[in-house]
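Colleague: Here is my input; please provide its structure:
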Amino acid sequence: MSALDGLVVLTALPAIGRDLHAGVEGQAWVVTAYTLPYAALLLTGAALGARFGRRRMYMIGLTVFTLASAAAASVRSIDALIVMRVLQGSGEALVLPLNLPIVTAAVSAKRRGAAIGALGALEGVAIVAAPIVGGAITQNLSWQWIFWINVPVGVILVPLIRWALDEGRGTAVRLDLVGVALSAAGLFGVVAGLLLASPLAFAAGVLGLIAFVGWELRTPTPAFPIRLLRLPVFAMSNLAGLLMYAGLFGAIFLLLRYFQLTLGFSPLSTGLRILPWTGLVILIAPVVGALSDRIDARRIITVGLALQAIGLAALTAAVATGASYAWFLPGMVLCGAGMTAYIAPSGNLAMSAAPEQHRGPAAGALTTTRQLGLVLGIATLTVMSTTLSLSAALWTAVAVLVAATAAGALARDRRLVPLATR
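Modeller: Below you'll find the model as predicted:
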């Protein structure tokens, strides 16, 4: 549900823009409005699950998500759609951070990599299906139906969750509402400043994020476990994730628009034509997850990030030269293989580095930094594509992925002493 709804709108954005009279900035807001609260509230979702029960938070979050989906399908303006996307992201923020704690608690340490790889494969189904589903629905029905399809799924899942999941809990901690408010305000200011070309909003957002870091260093119950960043493997894993999501998904947003608006592909054709990219996820993720239990995960991650940088460079060259679709295929294959090689073992590496009592917050922190990268990547590259050129934005994304590769190579697990004693 999360991966599908985060990506299904991408192939529908040109149609949404035409129907609701929104330009590229408004279309970018449709994506970031979902991801922004998602990133800001993820850590609260993990804390609420630890305090009040993971099953209960799953049900509440999914209910909010389902109701917001129905409302998003009924709007008549871009502003109303953006508001509903905020509510969708808020509901999903209660669900997603509980995935890794539930999975890691259900299996032994020896099987953790395979279990997380299986979870990655399920998410891969959505990644593969999202552009095709979005394109097919937009072309044959209307873009509103990309939101209506969530409603019956949510109606079915809520009672299944109550029946199938135990009411697992973690260590109850005091909720860091101040930290959540500061992070949300800071992220909103930065993104609004970029998309609206407002230096004042951007500066206010940066100040909000600085205040957030200061608060998290002082409060005894931080929403973001900054102390975990003292573990080199965890710090570099988070940095690599932030940069990878910024470069890759920002580029995906721009390339899907390019396929439709410049190359003239229909929404469904666009979804089918990126299968060489997305289709590899479902095939490779379980294998890579299992291998990460036997091979140094850092090596797999570094290779995966390097493949993405090379693949995106090939795609950017194809855009810059106005090449036909056939010239995009090698780059998409490299990006798909690299993305899969990164996603599965990166979660296992970061979670294994965190002490047992900090694994819930660690999972939330890892997902938060990835979603933050996605938000900032789409916002920044959108502005660059409109003020400079599409090629300049894509070459910037390549540089970001090169930096992510360097961060992945530095994610060394030094097996330091437990956090509480340092």
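
Colleague: After whichever helix or strand Arg257 is part of, which helix or strand is next?
Modeller: Arg257 is part of helix 232-261, with elements assigned from DSSP states H and E. Once the chain leaves helix 232-261, the next helix or strand it forms, by DSSP H and E, is helix 267-273.

Colleague: other SSEs contacting that following helix?
Modeller: Under the contact criterion of 3 or more Cβ pairs under 8 Å, 6 or more residues apart in numbering; DSSP states H and E, helix 267-273 touches helix 112-140, helix 232-261. Yep, even glycine has a C-beta here, placed from its N, CA and C like the rest.

Colleague: Mean neighbour count, distance to Arg18 and mean pLDDT added to those, as a markdown table?
Modeller: Output for the helices and strands packed on helix 267-273, formatted as a markdown table (neighbours: other Cβ atoms under 10 Å; distance: least, Cβ to Cβ, whole Å; pLDDT from 0 to 100):
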| stretch | mean neighbour count | distance to Arg18 | mean pLDDT |
| --- | --- | --- | --- |
| helix 112-140 | 21 | 11 | 75 |
| helix 232-261 | 24 | 11 | 85 |
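
Colleague: Please produce TSV containing those, extended by distance to Gly45.
Modeller: Compiled in TSV, the helices and strands packed on helix 267-273 are given as follows (distance: least, Cβ to Cβ, whole Å):
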stretch	distance to Gly45
helix 112-140	17
helix 232-261	18
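
Colleague: And the residue nearest in space to the middle of the chain, how close does it get to Leu157?
Modeller: Nearest to the geometric centre of the chain sits Gln371, at 4.0 Å (Cα atoms, centre = their mean). Distance, Gln371 to Leu157, using Cβ to Cβ, to the nearest Å: 22 Å.

Colleague: for Ala106, what are its contacts?
Modeller: Taking Cβ atoms under 8 Å, 6 or more residues apart in numbering, we find Ala106 in contact with Ala115.

Colleague: any idea which element the residue nearest to the centre of the chain lies in?
Modeller: With DSSP H and E as the test, Gln371 turns up in helix 359-387.

Colleague: now that helix against helix 232-261, angle please.
Modeller: Between the axes of helix 359-387 and helix 232-261, defined by axes from the mean of the first three to the mean of the last three Cα atoms, to 10 degrees, the angle is 40 degrees.

Colleague: May I see the buried residues of the helix or strand following helix 359-387?
Modeller: Next helix or strand after helix 359-387 toward the C-terminus (DSSP H and E): helix 390-409. Neighbour-count burial for helix 390-409, counted by 16 or more other Cβ atoms under 10 Å, picks out 390, 393-398, 400-409.

Colleague: Excluding residues flanking it in the chain, which one is nearest the residue nearest to the centre of the chain?
Modeller: Spatially, and ignoring its direct neighbours in sequence, Gln371 is nearest to Ala39 (3.8 Å; Cβ to Cβ, 6 or more residues apart in numbering).

Colleague: I'd like the distance from stretch 57-77 to the chain centre, please.
Modeller: Distance of stretch 57-77 from the chain centroid (Cα atoms, centre = their mean, to the nearest Å) equals 19 Å.

Colleague: hang on, the earlier thing: of the helices and strands packed on helix 267-273, which is nearest Gly89?
Modeller: The closest of the helices and strands packed on helix 267-273 to Gly89 is helix 232-261. By Cβ to Cβ, the value is 14.8 Å.

Colleague: elements contacting that closest one?
Modeller: If contacts are counted by 3+ Cβ pairs under 8 Å, 6+ apart, helix 232-261 sits against helix 13-20, helix 24-52, helix 267-273, helix 297-320, helix 329-353, helix 359-387, helix 390-409.

Colleague: Format these as a markdown table; extra columns: distance to Leu67 and mean pLDDT.
Modeller: A markdown table is the format used below for those (distance: least, Cβ to Cβ, whole Å; pLDDT from 0 to 100):
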| stretch | distance to Leu67 | mean pLDDT |
| --- | --- | --- |
| helix 13-20 | 20 | 87 |
| helix 24-52 | 15 | 77 |
| helix 267-273 | 26 | 86 |
| helix 297-320 | 36 | 89 |
| helix 329-353 | 30 | 78 |
| helix 359-387 | 22 | 78 |
| helix 390-409 | 35 | 90 |
